[in-house]
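> Sequence first, predicted model second:
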Amino acid sequence: MTGAISPRSSANATATLTLWHDGKSRKASVTLTLPPEDPPRDLTELTGRQPLAGAVVANLNPALDDELNLDPTSRGVVVSKVKSGSTAEELGLQPGDIVASVNRRTIDSVDQLQDVVASAPPPWTVTIRRNGQLISVTVR
């Protein structure tokens, strides 16, 4: 049996559980593990003449979902930081925003996001997920 622990706990810690069945108790030891870093975060600051310049983004994975308290089924790219005075800040991006799509192309990874914004001329339509809501903005 495997469970999950917070990043502040040590990996491979053990816990003892008491299980009850038909009025009888039984003890079981379980090994607790950290959520996996798959795919790798690939923290990347976006640069250049594009609407997300100044945002630091990362691939979502179970460990990052856990740290940010996101839905564990979340996939894609999350905004980790936004530089003050950047294009991303002017666009209104906030840490925790998930980049859902750019120009109607679903974004699944940092590499894909970089490719899409580099290859698409303006205008860009950026859709983010914030607090469960989808927000779309067109940038010229």
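It's in.

> what about the helices in this protein?
62-68, 87-91, 110-119 (DSSP state H).

> Compare these and say which comes out lowest on pLDDT.
Lowest mean pLDDT within the helices of the chain: helix 62-68, at a mean of 88.

> Which residues in that one does the neighbour count mark as buried?
62-66, 68 (16 or more other Cβ atoms under 10 Å). The C-beta positions use only the backbone N, C-alpha and C, and glycine is treated the same way.

> picking up where we left off before, closest one to Ser80 among the helices of the chain?
Nearest to Ser80 among these is helix 62-68 (8.7 Å), distances taken as Cβ to Cβ.

> so what does the closest one touch, helix or strand wise?
For helix 62-68, there is no helix or strand it packs on, judged by 3 or more Cβ pairs under 8 Å, 6 or more residues apart in numbering; DSSP states H and E.

> what's next to that helix, contact-wise?
Helix 62-68 is contacted from outside by 4, 6-7, 34-38, 41, 58, 70-72, 74, 78, 96, using Cβ atoms under 8 Å, 6 or more residues apart in numbering.

> From these, list just the buried residues.
Going by neighbour count (16+ other Cβ under 10 Å), the contacts of helix 62-68 have 34-35, 41, 58, 70, 78 buried.

> Strands - which of those residues land there?
Using DSSP state E, the subset of the buried ones among the contacts of helix 62-68 located in strands is 58, 78.

> one step back: JSON lines for the helices of the chain, including distance to Arg130?
JSON lines is the format used below for these (distance: least, Cβ to Cβ, whole Å):
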{"stretch": "helix 62-68", "distance to Arg130": "12"}
{"stretch": "helix 87-91", "distance to Arg130": "12"}
{"stretch": "helix 110-119", "distance to Arg130": "17"}
